[in-house]
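Asks: sequence? don't have it. structure:
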């Protein structure tokens, strides 16, 4: 396949490593950079192209690294700066890229910048964070924190409130201050100079707040039992027009380096999401598209969403798809193990850059976490824990699942004796084997990698589409339902099944009609026209 016309992040596959849970090299129960380095050969074998690492910076760990105390170093829990350098070098030697999770919206309340900012109202760094007088006897407005309660915390020393979109331990930086912007860009440059291949920008749509600090409106769609944060529409606390200037500045910095990628975490409707590509494609290379996570698992809705997304993309913008991450229940728990196989085919045959979440390739499911074992501040504060999808990677049937020789920081899933890399690597029927076959074919095929996407009319709970490039054509038929389905090949032609969720169907010749079982997926290499 000719890749010269495309950047690596267009034809490549991104693999998220939640560092705490991937591989522990020193037996303290927490994953680390040396542990990741030990597993690079596995990742190269799997066929992914880039590792996105969760935050590795020094942190009090109030939110497991998303409360940064120093943007230009490594937390001792994960290693040292030299370990990061060694990981980058070892990854690059295997053709793997390293993407760092960067946390620009907020720092830790233990960051020296914030300690200075809160020391007095006239400190030079006071305006590096968002400080406001209260309104009456309460906070400046009605904004809510994502982890519960008000987005404002009272500081007794200086008699003002500071803003935090998440925990009080995560004060929001004031991105309207040019000094803040320059300090953060300098931190980004620090890592770019060390060879990092790009950044995944945490909560990118949060960076700028309404200048007048207006109250957020009540959400008319809020229902009892939902998390309190959703009771308001964050119209003035997120997605402000000025944020696009900042994204453009970030992109300008990355463009000074060769082949670096800017990815944005953005939970917004598609029409607002695509604005983050920039007016002239000068914004984020890949504003994360979470529709496969957030939509009901129904063919009609998923298919319509794919078409809407394709239609909304600015000219020349590159699509992307995300099936799982550290903030959402695992795909095998959301849709079941059989449908997780179908979901793997969907992710790896759609047009655009796919992002995998560690462990999904072996069918890991959310683990049961007892109330007394919950570590996630969101779980503690609002009762919706993200711990179940963050449990340690299941490498082997050995004690500690091959993750650690010590006691893991979160409990292991009870199925690790059966669901693990060691057991699945040589099992041709396993989830891991299916992922590897899909990835291998995708890497070889221009049609699947960078080809066009054409939806095909289907009925029932089936998604059908054709990928095509250079005369090579593939038909994806994915049954998101549990009932059998018969599909007519009259309008697409005949061919051979090259990959199927049921491996026994591979190399089967199909013509006229093709039958799908429930929870079934096939990829057909169509004969030349």
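Replies: Nice, I can see it. Quantities reported herein were computed from a predicted structural model and do not represent experimental measurements.

Asks: how close does residue 150 get to residue 166?
Replies: 12 Å (C-beta to C-beta, to the nearest Å). C-beta here means a position set from N, CA and C on the backbone, and glycine is covered the same way.

Asks: Please identify which of the two sits among more neighbours.
Replies: Neighbour count, other C-beta atoms under 10 Å: between residue 150 and residue 166, residue 166 has more, with 26 against 18.

Asks: That one is in contact with residue 144, isn't it?
Replies: No. With contact defined as C-beta atoms under 8 Å, residue 166 does not reach residue 144; the gap is 10.7 Å.

Asks: mind listing the helices for the stretch 251-400 of the chain?
Replies: Ranges of helices in the stretch 251-400 of the chain, per DSSP state H, counting those that start in this stretch, are 270-273, 291-294, 299-312, 331-335, 337-349, 377-382.

Asks: can you redo these as JSON lines with mean neighbour count and distance to residue 33?
Replies: Shown next, in JSON lines, are the helices of the stretch 251-400 of the chain (neighbours: other C-beta atoms under 10 Å; distance: least, C-beta to C-beta, whole Å):
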{"stretch": "helix 270-273", "mean neighbour count": "15", "distance to residue 33": "32"}
{"stretch": "helix 291-294", "mean neighbour count": "17", "distance to residue 33": "27"}
{"stretch": "helix 299-312", "mean neighbour count": "16", "distance to residue 33": "35"}
{"stretch": "helix 331-335", "mean neighbour count": "21", "distance to residue 33": "27"}
{"stretch": "helix 337-349", "mean neighbour count": "23", "distance to residue 33": "27"}
{"stretch": "helix 377-382", "mean neighbour count": "18", "distance to residue 33": "24"}
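
Asks: residue contacts, residue 472?
Replies: 445-447, 451, 525 (C-beta atoms under 8 Å, 6 or more residues apart in numbering).

Asks: who does it bridge with?
Replies: Beta-bridge partners recorded for residue 472 (DSSP bridges): residue 469.

Asks: picking up where we left off before, which of the helices of the stretch 251-400 of the chain sits closest to residue 497?
Replies: Counting by C-beta to C-beta, residue 497 lies closest to helix 337-349 out of the helices of the stretch 251-400 of the chain; the figure is 11.7 Å.

Asks: relative to helix 299-312, how tilted is the closest one?
Replies: Relative orientation of helix 337-349 and helix 299-312, computed by axes from the mean of the first three to the mean of the last three C-alpha atoms, to 10 degrees: 20 degrees.

Asks: Let the chain start at 377 from now.
Replies: Sure thing, new numbering starts at 377, so read that last one as helix 713-725.

Asks: Which neighbouring elements make contact with helix 713-725?
Replies: helix 667-670, helix 707-711, strand 729-733, helix 807-820, strand 848-855, strand 897-902 (3 or more C-beta pairs under 8 Å, 6 or more residues apart in numbering; DSSP states H and E).

Asks: hmm, try it at 7 Å
Replies: Helix 713-725 sits against helix 707-711, helix 807-820, strand 848-855, strand 897-902, with contacts defined as 3 or more C-beta pairs under 7 Å, 6 or more residues apart in numbering; DSSP states H and E.

Asks: For the residue nearest to residue 684 when sequence neighbours are not counted, give its distance to residue 825.
Replies: Nearest residue to residue 684 in three dimensions, chain neighbours excluded: residue 646, at 5.8 Å (C-beta to C-beta, 6 or more residues apart in numbering). For residue 646, the distance to residue 825 equals 23 Å [C-beta to C-beta].

Asks: What does the pLDDT read for residue 456?
Replies: Here, the pLDDT recorded for residue 456 equals 98.

Asks: Isn't it up against residue 450?
Replies: Yes. With contact defined as C-beta atoms under 7 Å, residue 456 and residue 450 form a contacting pair (5.8 Å).

Asks: Of these two, give the one with the bigger neighbour count.
Replies: residue 450 (20 against 14).

Asks: Does that one belong to a helix, a strand or coil?
Replies: Using DSSP: H, G, I helix; E, B strand; the rest coil, the structure places residue 450 in coil.

Asks: Return the backbone torsion pair for it.
Replies: Per-residue torsions, residue 450: phi -120, psi 140 (degrees, to the nearest 10).

Asks: The top helix by length along the chain packs against which elements?
Replies: For the chain, the helix that runs over the most residues, judged by DSSP state H, is helix 554-569. Applying 3+ C-beta pairs under 7 Å, 6+ apart, one finds that helix 554-569 contacts helix 619-630.

Asks: For the helix it packs on, buried residues please.
Replies: Residues 619-620, 622-623, 626-627, 629-630 are the ones in helix 619-630 that count as buried (16 or more other C-beta atoms under 10 Å).

Asks: What of stretch 444-451?
Replies: Neighbour counts over stretch 444-451 (16+ other C-beta under 10 Å) mark 444-447, 450-451 as buried.

Asks: of the helices of the stretch 627-776 of the chain, which approaches residue 772 most closely?
Replies: Once those are compared by C-beta to C-beta, helix 707-711 is nearest, at 19.2 Å.

Asks: From the rest of the structure, what touches the closest one?
Replies: Defining contact as C-beta atoms under 7 Å, 6 or more residues apart in numbering, one finds that helix 707-711 is touched by 673, 699-700, 716, 719, 736, 739-742.

Asks: now for the residues you listed, which pair is the farthest apart?
Replies: Taking C-beta to C-beta, the two most distant members of those are 673 and 740; they sit 18.0 Å apart.

Asks: Which residue of those two possesses the greater neighbour count?
Replies: Relative neighbour count places residue 740 above the other of residue 673 and residue 740, with 27 against 17, counting by other C-beta under 10 Å.

Asks: circling back: can you put the buried residues of helix 619-630 in JSON lines and add distance to residue 651 and pLDDT?
Replies: Output for the buried residues of helix 619-630, formatted as JSON lines (distance: C-beta to C-beta, whole Å; pLDDT from 0 to 100):
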{"residue": "619", "distance to residue 651": "9", "pLDDT": "98"}
{"residue": "620", "distance to residue 651": "7", "pLDDT": "98"}
{"residue": "622", "distance to residue 651": "13", "pLDDT": "98"}
{"residue": "623", "distance to residue 651": "9", "pLDDT": "98"}
{"residue": "626", "distance to residue 651": "15", "pLDDT": "98"}
{"residue": "627", "distance to residue 651": "14", "pLDDT": "98"}
{"residue": "629", "distance to residue 651": "20", "pLDDT": "98"}
{"residue": "630", "distance to residue 651": "19", "pLDDT": "98"}
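
Asks: for these, which one is nearest residue 596?
Replies: Nearest to residue 596 among these: residue 619, at 25.1 Å, using C-beta to C-beta.

Asks: how about the nearest residue to that closest one, chain neighbours excluded?
Replies: Among residues not flanking residue 619 along the chain, residue 584 sits closest, at 4.5 Å (C-beta to C-beta, 6+ apart).

Asks: How about the contacts made by the one you found?
Replies: Taking C-beta under 7 Å, 6+ apart, we find residue 584 in contact with 551-552, 616, 618-619, 622.

Asks: okay, these in CSV with distance to residue 792 next?
Replies: CSV is the format used below for these (distance: C-beta to C-beta, whole Å):
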residue, distance to residue 792
551, 42
552, 48
616, 45
618, 47
619, 42
622, 42
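
Asks: Now residue 577: phi and psi?
Replies: Dihedral pair for residue 577: phi -90, psi 110, per degrees, to the nearest 10.

Asks: Where do the strands of the stretch 727-876 of the chain begin and end?
Replies: Taking DSSP state E, counting those that start in this stretch as the criterion, the stretch 727-876 of the chain carries its strands at 729-733, 828-831, 838-845, 848-855, 861-864, 871-876.

Asks: Give the buried residues for the fifth one.
Replies: Okay, so that is strand 861-864. For strand 861-864, burial by neighbour count (16+ other C-beta under 10 Å) applies to 861, 863.

Asks: Look up phi and psi at the residue nearest the centre of the chain.
Replies: Centroid-nearest residue in the chain: residue 701, 4.7 Å away (criterion: C-alpha atoms, centre = their mean). Note on residue 701: its backbone torsions stand at phi -160, psi -180 [degrees, to the nearest 10].

Asks: Fine, thanks again, bye for now.
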